[in-house]
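**Student:** Model the following, please.
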Amino acid sequence: MESKGKKVDEIHRPRMIPRWVMELAEQEKGTDPCFIMAKKLTESDLNPWQNRLIIPAGFVNAHLIPFLSDEEKAAASLLDDDGRKRKKPSSGAEGSKKMKLSGGGFEATEEKEKIKKKKKEAGRMHGGLRVPVYVGANKWKAFVVLTRWDSTNCTVLKGDEYSRYLARWSGVKKGEEVELWGFRQGESGRPCFVLHRKGDPEGN
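**Tutor:** Numbering: from 1, shown residues only. You can find the predicted model right below:
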């Protein structure tokens, strides 16, 4: 129980935004800078053949989901996330589902289910949500894809540029702790992410 409590505290405890991250957000005319996640890098996170950084589920639910709009969640296959693995559709008749109204009578929910399904399918066809990620105080920027894999239910930042920007980041190693921060960019309001080496105020 103690270890579980420590894990929860690690997810929800207040964080101080690094100075260089705040300066970057201001430079990009960004708004709403916020903490997304912290983790110790694993061997697979640094494997150039895998090209992805896994975002732990607890941080996804606590910080990433609230940061994204419904459209962004749909593009990233994160719509209607409840922290559990997606269930395969049952073979029963989905169209027969109904919802009781407060004033009596029933409202068929088939159309609502179809809309949700279309949004999720659109996210998968899209291949994910393309986002910029800034790395270190040198503000080197890469474009990667934020998505959730159906096979493992893992939320990841992935793409060809992933291993390139980590390789350029001054000697980051397995076991080193990093933080991911987010903000909204200028008038577009596009979500941007920042990868920060924990313990280094300059992020190098």
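
**Student:** wait, residue 41 sits on residue 172?
**Tutor:** Yes: assessed by CB atoms under 8 Å, residue 41 is found in contact with residue 172 at 6.6 Å. Glycine gets a C-beta too; all of them are placed from N, C-alpha and C.

**Student:** Which neighbours do these two have in common?
**Tutor:** Listed as contacting both residue 41 and residue 172 by CB atoms under 8 Å, 6 or more residues apart in numbering are residue 178.

**Student:** can you list the weak-confidence ranges in this structure?
**Tutor:** Segments of the chain classed as low confidence (criterion: pLDDT under 70) are 1-8, 80-126, 137, 166-168, 170-171, 200-204.

**Student:** what does whichever strand or helix holds residue 54 rub up against?
**Tutor:** Take DSSP states H and E as the rule and residue 54 turns out to sit in strand 52-55. Contact partners of strand 52-55, identified using CB under 8 Å, 6+ apart, comprise 36-37, 39, 42, 44-45, 64, 154-158, 162, 166, 180.

**Student:** Which members of these occur in strands, if any?
**Tutor:** Here DSSP state E is the test, and the contacts of strand 52-55 give 36, 37, 39, 155, 156, 157, 158, 180 as lying in strands.

**Student:** partners of the strand holding residue 54, with directions?
**Tutor:** The pairing partners recorded for strand 52-55 under DSSP bridges are strand 155-158 (antiparallel).

**Student:** following the strand holding residue 54, which helix or strand comes up?
**Tutor:** Sequence-wise, the next helix or strand beyond strand 52-55 is helix 57-59, with elements assigned using DSSP H and E.

**Student:** what comes up buried for that following helix?
**Tutor:** Judged by neighbour count (16 or more other CB atoms under 10 Å), helix 57-59 contains these buried residues: 57, 59.
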